[in-house]
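Asks: 3D, please:
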Amino acid sequence: MRSETSAQPAWSVPTLDSRLLVATPEGVDLELIPAGPLARALAYLVDLVLRALLMLVAAIVLAQLGEFGGGLLLLVFFLLEWIYPVLYEALRGATPGKRWMRLQVVTADGLPPSWAAICLRNLLRVVDFLPLAYILGLVVMLVSGRFQRLGDLAADTLVVYLPPAAAPLPGNDIEPLALPFAVTLDERQAILDFAARSN
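Replies: So this is what the prediction gives:
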């Protein structure tokens, strides 16, 4: 039962699927579909391939610089491993792999996460990797009920499927006709205000 006075989002998990309903303060239910281990693993694989290709290109270019290039290559590896996911998730909501799988990182109430939350969830990937190949992260995801790994639980984030794109409204492709009479700026604003409230 949903509490009207609770500051936390009210979660309702249907029994037939993994859809989550988040009650917003405005009284609108947001439907979030958490991404399971398979979709997230495929997204990670895409990101891994992209990072490996970037690393290969950097290695070929920096090999020309000798030991100095080797040091720069370590810096590139660090940036690709730690800064790549943080920047993409903070600025675009998802890494290229997640975007390709139509996934997005959001907070538990469906909002874009803060920089601090993004940094925290990515720093804890080290713990999720233990003891080998994300086994701990997988176990935690399967137990959590919302497919959250330790980083997600600590940062209060979710990886969810992007909602399908809205179908275009009928008539959007029709060219407007020129008015047969002059309209003042105030009249144009009044028409726009009326159209904004017409629904």
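
Asks: OK, contacts around the residue lying closest to Arg102 once chain neighbours are set aside?
Replies: Closest residue in space to Arg102, ignoring its immediate chain neighbours: Leu162 at 4.7 Å, by CB to CB, 6 or more residues apart in numbering. All C-beta atoms are positioned from the backbone trio N, CA, C, and that covers glycine. Neighbouring residues of Leu162 by CB atoms under 8 Å, 6 or more residues apart in numbering: 102-104.

Asks: name the element the residue nearest the centre of the chain belongs to?
Replies: Residue closest to the average C-alpha location in the chain (CA atoms, centre = their mean): Gln104, at 2.2 Å. Using DSSP states H and E, Gln104 falls within strand 103-107.

Asks: immediately after that strand, which helix or strand?
Replies: helix 115-123.

Asks: quick one: that next one to strand 103-107, angle?
Replies: 120 degrees (axes from the mean of the first three to the mean of the last three CA atoms, to 10 degrees).

Asks: A strand includes Val22, no?
Replies: Yes - assessed by DSSP: H, G, I helix; E, B strand; the rest coil, Val22 belongs to a strand.

Asks: do I have it right that it meets Leu32?
Replies: Yes - with contact defined as CB atoms under 8 Å, Val22 counts as touching Leu32 (6.2 Å).

Asks: now the common contact residues for these two.
Replies: By CB under 8 Å, 6+ apart, Val22 and Leu32 have these common neighbours: Gly110.

Asks: which of those two has more residues huddled nearby?
Replies: Between Val22 and Leu32, counting by other CB atoms under 10 Å, Leu32 is the more crowded of the two (23 against 20).

Asks: quick check: the more buried one touching Leu20?
Replies: Yes - counting by CB under 8 Å, Leu32 touches Leu20, with 4.6 Å between them.

Asks: how about Asp152: what's its closest non-neighbour residue?
Replies: Arg121 (5.7 Å).

Asks: I'd say the one you found and Val105 touch.
Replies: Yes - using CB under 8 Å, Arg121 is in contact with Val105, at 7.5 Å.

Asks: overlap of the contact sets of those two?
Replies: 89, 113, 157.

Asks: with pLDDT, distance to Pro168 and neighbour count as extra columns, can I get those residues in a markdown table?
Replies: Output for the shared contacts of Arg121 and Val105, formatted as a markdown table (pLDDT from 0 to 100; distance: CB to CB, whole Å; neighbours: other CB atoms under 10 Å):
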| residue | pLDDT | distance to Pro168 | neighbour count |
| --- | --- | --- | --- |
| Glu89 | 94 | 29 | 24 |
| Pro113 | 94 | 30 | 23 |
| Thr157 | 95 | 32 | 22 |
